[in-house]
Structure formats: C-alpha cells, structure tokens
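Colleague: need coordinates for the below:
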Amino acid sequence: MMMKWVLRKKAMLIIGLVHLLSLLQFSLFTNAILDPHDFLALQSIRNALEDMPGSDFFSTWDFTAEPCDFAGVYCDGDRVIALNLGDPRAGSPGLTGRLDPAIGKLSALAEFTVVPGRIIGALPETLSQLNNLRFLAVSRNFISGGIPASLGQLRALRTLDLSYNQLNGSIPQSVAGLPALSNVILGHNRLSGSVPTFASQTLTRLDLKHNALSGSLSPTSLPPSLQYLSLSWNQLTGPVDRLLTRLNQLNYLDLSLNRFTGNIPGDLFTFPISNLQLQRNSFYGPIQPVDQVTITTVDLSYNRLSGQISPMFSSVQNLYLNNNRFSGHVPGSLVDRLLAASIQILYLQHNFLTGIEIDPTAEIPVSSSLCLQYNCMVPPVQTPCPLKAGKEKTRPTGQCIEWKG
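Modeller: Down below sits the predicted model:
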C-alpha cells in the first residue's frame, strides 16, 4: 500500500511539473523576448536621435527593460510592428538628429511615423526593405534629398506622408506606380519635374501643393477614385478639362496658383465638391454649369473667363468671379440671394459687367460682402471692397468700347 501511495504521489508531481512547464512555455510564447535584430535596430535608431528641449519621449527607452514597453514601440510576439517616434500630443517639441538606416532591420514593421521636429538628413534607402510597411509618415521635419525610388518596392504601402520637409528632385514613377496607395501627401517641399501617372485605383487623396512641379497633366494620369486633389502653388500648365471630367468622385479640388489653360468643364460643378479653388490660372472661355451649383465655395478669380455669369451660381455661398472678363448683366437670382443673406461673398470686381438690378437704397446684410467696382458701369450701391481692388470705381470708357468691339 505504501509503495502504491508513493508511486501515486510521484505521478502527481510529474504531472504538475509538466503542467508548470506548459504554462511557462505559453508565457514565454505570449511574452516573447524581442528578436535580437529588432533589439539592435532600436538601439541604433535611439542613438541617432535626441529629444528636443522640453521633450521626454526617450525617457522610457531603457534597454535594460523590455523594449516592447517603450513609448511608441508596438510589438506582436517578438517583433516590432509599429514605431511612432516622438510624443504625439499637440505642441510636442519633437526630436532632432537623423533617421538611422537600421530601421530597415525591423522587417515586420507595418507602421512608421515621426512627429514634427528637427530631424535632418535623407530618408534611409533601407526603408525599401520593409515589405510589410503600410503606413509611412515623416512630416514637418527637415528631411532633405530626394524621395528614394526604391520606395517603389513597398507594394503594401497605403499612406505616404512626407509633407513639410525639404525634399527635392522628382516624384519617382516607381512610387507613383504602387498598387495599394490610398493617401499621398507630399505638399510643402521642393519637388520638381512633372506629375507622374498614379496607378492605384484606390487612391483617394493626393496632395502635392507648394512645390515646383511643372509640365502638363495627362487625361489618364490620375485615377477616378480621387476624392481630394490639391496641386496648388506649382508651375503646372496645359488644359485639364478631359482629366477633370473623369474625376467625378472629387469632394475637394484646389488647382490654384498654376498656369493651367483651356476651358473649365460644366460637368465639374455637379461633382460632390464642397470647396472648388481654381483661381490664379489662365482658364478661358465661358462657364456653363449644367445644373444648379451646390458647392459652398467657388473661386474662379484671376483667370481669363468670359461670357455672361450663369444664374446657376446663385446657390453658391462664397463666389469669387473677380478679375476675369465676364460681361453683360449680373443675374437677378444672385442679387436676390445676396439680399437674403444666402450669399456671403459675391466678388465681381475687375470684369466688364454692364449692369446689375439692385435698388440703390438696398441694404446689404451685415453678414454678406459685395464688390462691383472696376466694371463697365457705375456701381449702383457703395460697398466696401478688398484693398486689392484698388480705388477706381469704373473701367475707362475706352476699355469697355474696345471689349464690346
């Protein structure tokens, strides 16, 4: 009996040890020690960067502890899958230094972001080794050099935000050709060359404003999936009517401060756009919306547009048609909406308009602004105008006669 009891106790002890070992193995699996390659990569990244005065982002980066608990480091098992460098809270001073090429060793990385700071130098070519990278955002720093063409190897990349840096050179076609891109934000750099053809049919946001891009746009250079397009403050030329008619999903369009020419298609005003900025280009010809325009803000100022103003614009809240070549009478529907305070801004100065049906004693609502000066008529009401409109109330008679002729 005693022997059986001893054997039973030994068996129970062995079962308990096996169970304990299983628990330890499970614990080690779920709380795995960071992969050595990732550990060394994080050390190199840390050594190349410093907190700016007032930032304490790296205070938790103590390599005697588990790196997966560091601020901005996110792991899955023993691999780093996301790295967000810098305190993301608004107003954080950010980081200074350089981005170390060792980042390419974080082979499981899917997300890499850097908060605004004073990081200098070029983007590491080793970023192209991150085959799982889906989100890359290094904006509002002092990154210089070109956009590495090797980033075109990141076939899973969906968001690329390199805005507000000092990048120069052209936008690589290899990057524009990435198939999964949905957001490309490269504004406020020093990029030059032409706008490449973007291949992704899921691209919804393209922001290239404030660069030095030039050349014309092919009618098929941008996918019809686009919802947000900003190309303002560049040196782009040529017509865009055939391109714009394809982009019928747009809800924001800014092509201002370029050198675009040709006609503005009437279909454009039926798109689900809330803000349309086409000012300071060389668009010409009449504007003929096919239906009532429901866009909140339409800015067509400083172009070469001509013909009569369409009454279809009477539903627009902020309408800038100044500094063009419009002629004829201002539609009565625009006047009615203005006096009802439905139109807040109606700028018609510096055109060739010959009349407007408005009572000289009419009071313009306090919430609305009307400017009529420097047309081929004496403004029937005196309203404050922007300083840029100058002081002359009407055009010289000779200009108006010549325009009619």
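Colleague: which strands and helices sit next to the helix or strand where residue 214 lies?
Modeller: Using DSSP states H and E, residue 214 maps to strand 212-216. With contacts defined as 3 or more CB pairs under 8 Å, 6 or more residues apart in numbering; DSSP states H and E, strand 212-216 has these neighbours: strand 190-193, strand 235-239. (Each C-beta comes from the backbone N, C-alpha and C, glycine too.)
Colleague: sheet-wise, list the partners of the last one with their directions.
Modeller: Yep, that's strand 235-239 we're talking about. Looking at strand 235-239 with DSSP bridges, its partner strands are strand 212-216 (parallel), strand 259-261 (parallel).
Colleague: out of these, which is the most enclosed?
Modeller: The highest mean neighbour count among those, using mean count of other CB atoms under 10 Å, belongs to strand 259-261: a mean of 19.
Colleague: distance of the residue lying closest to residue 269 once chain neighbours are set aside from residue 319?
Modeller: Excluding the flanking residues, the one nearest residue 269 by CB to CB, 6 or more residues apart in numbering is residue 289, at 4.0 Å. Counting by CB to CB, to the nearest Å, the gap from residue 289 to residue 319 is 12 Å.
Colleague: okay, and the common contacts of these two?
Modeller: Residues touching both residue 289 and residue 319 (CB atoms under 8 Å, 6 or more residues apart in numbering): residue 313.
Colleague: more neighbours, the two?
Modeller: Taking other CB atoms under 10 Å, residue 289 and residue 319 do not tie; residue 319 has more neighbours (26 against 21).
Colleague: returning to that earlier point: residue 251 is nearest to which of the strands paired with strand 235-239?
Modeller: Closest to residue 251 of the strands paired with strand 235-239, according to CB to CB: strand 259-261, at 20.1 Å.
Colleague: ok, residues contacting the closest one?
Modeller: So strand 259-261 is contacted by 235, 236, 237, 238, 239, 240, 278, 281, 282, 283, 284 (CB under 8 Å, 6+ apart).
Colleague: and the next helix or strand past it?
Modeller: strand 275-277.
Colleague: tell me what that following strand is packed against?
Modeller: strand 252-254, strand 297-299.
Colleague: how far does the very next helix or strand once past it sit from the chain's center?
Modeller: Past strand 275-277, further along toward the C-terminus, the next helix or strand under DSSP H and E is strand 284-285. Here strand 284-285 is found 29 Å from its chain centre; the criterion is CA atoms, centre = their mean, to the nearest Å.
Colleague: so for strand 284-285, mean pLDDT?
Modeller: The average pLDDT for strand 284-285 rounds to 98.
Colleague: that one pairs with which strands?
Modeller: Under the rule (DSSP bridges), strand 284-285 has strand 304-307 (parallel) as partners.
Colleague: contacts for the partner strand next, please.
Modeller: Here strand 304-307 makes contact (CB under 8 Å, 6+ apart) with 264, 282-288, 321, 324-328.
Colleague: after the strand holding residue 214, which helix or strand is next?
Modeller: Counting by DSSP H and E, the next helix or strand C-terminal to strand 212-216 is strand 228-230.
Colleague: can you flag the buried ones in the contacts of strand 259-261?
Modeller: By neighbour count, with 16 or more other CB atoms under 10 Å, the contacts of strand 259-261 hold 236, 237, 239, 240, 278, 281, 283 as buried.
Colleague: distance to residue 254 added to those, as TSV?
Modeller: Converted to TSV, these look like this (distance: CB to CB, whole Å):
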residue	distance to residue 254
236	12
237	17
239	17
240	12
278	8
281	11
283	14
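Colleague: among these, which two are most distant?
Modeller: Longest span within these, CB to CB: 237 and 278, 14.4 Å.
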